[in-house]
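> Only the shape, not the letters, is given here:
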């Protein structure tokens, strides 16, 4: 379950009665789109249906039976969300916007490069400033992934930017190859790998271009600075957006 502070109220009015449930806002939006696939008990603040959630008042069981054909809260909650309205306070809306704004910045930073600077990653601070300059605001009621393309369109007049993947080759010395390669291979899509005669490991990975610096840091971390990583420039299968 989630805390009351994290929940929003979904309200359904039917047969002259009001029914309210307390649920995670993103889960509620996913339910309304028919896209929720999680465990209901993980996204509600109470396994209960209320007449007035703020006061803790509960409807009569006969009213639940009349409207929903059951008194089982876990069966009723999704129906209240899907058929009803999501009530969001100004404070909750602001918190949702801030959270989704941060998620958007993270997504763009992970995937975007600067084509005028040899496809180097954009730091988060630059993305933040550019979004502000472009006047782009996230919609708290929409998934972040649905807003990325609109954000890119808003950013392009402000900064040179595109989404791209990069392919890099990593070489780990023998002393670090055993434990290090397990961490490296999880960083992206491992296209190929090879163990050298001297015990060293070479892997070729493809991943979002904005994470190049993170891979350099990881290679240095797992090899105490003795490993090597380089971008493979001559591949033509880099996908751009």
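Great, that's in hand. Computed from a prediction, not measured in an experiment: that's the story for all the values here.

> And the helices in the chain?
Counting by DSSP state H, the chain has helices at residues 25-32, 61-68, 73-83, 90-111, 124-134, 148-155, 174-185, 212-223.

> helices or strands next to the helix-or-strand element of the chain with minimal mean pLDDT in the packing?
One helix or strand of the chain scores below all others by mean pLDDT, DSSP states H and E: strand 120-121, with a mean of 89. Strand 120-121 is packed against strand 112-114, helix 212-223, with contacts defined by 3 or more C-beta pairs under 8 Å, 6 or more residues apart in numbering; DSSP states H and E. Any C-beta I mention is one placed from the backbone N, CA and C, and that applies to glycine too.

> Residues contacting it, please?
109, 112, 113, 114, 209, 210, 211, 212, 213 (C-beta atoms under 8 Å, 6 or more residues apart in numbering).

> ditto for stretch 171-189
By C-beta under 8 Å, 6+ apart, stretch 171-189 touches 170, 193, 195, 198-203, 205-208, 211, 214-215, 218-219, 222-224, 226-229.

> and what of stretch 129-148?
Under the contact criterion C-beta under 8 Å, 6+ apart, stretch 129-148 has outside partners 25-26, 29-30, 88, 93, 96-97, 100-101, 103-105, 107-108, 150-151, 154-155, 157-159, 161.

> which two in the contacts of strand 120-121 are spaced the farthest apart?
Taking C-beta to C-beta as the measure, those span a maximum distance of 14.3 Å, between 114 and 211.

> Of the helices and strands packed on strand 120-121, flag the one that's most buried.
strand 112-114 (a mean of 23; mean count of other C-beta atoms under 10 Å).
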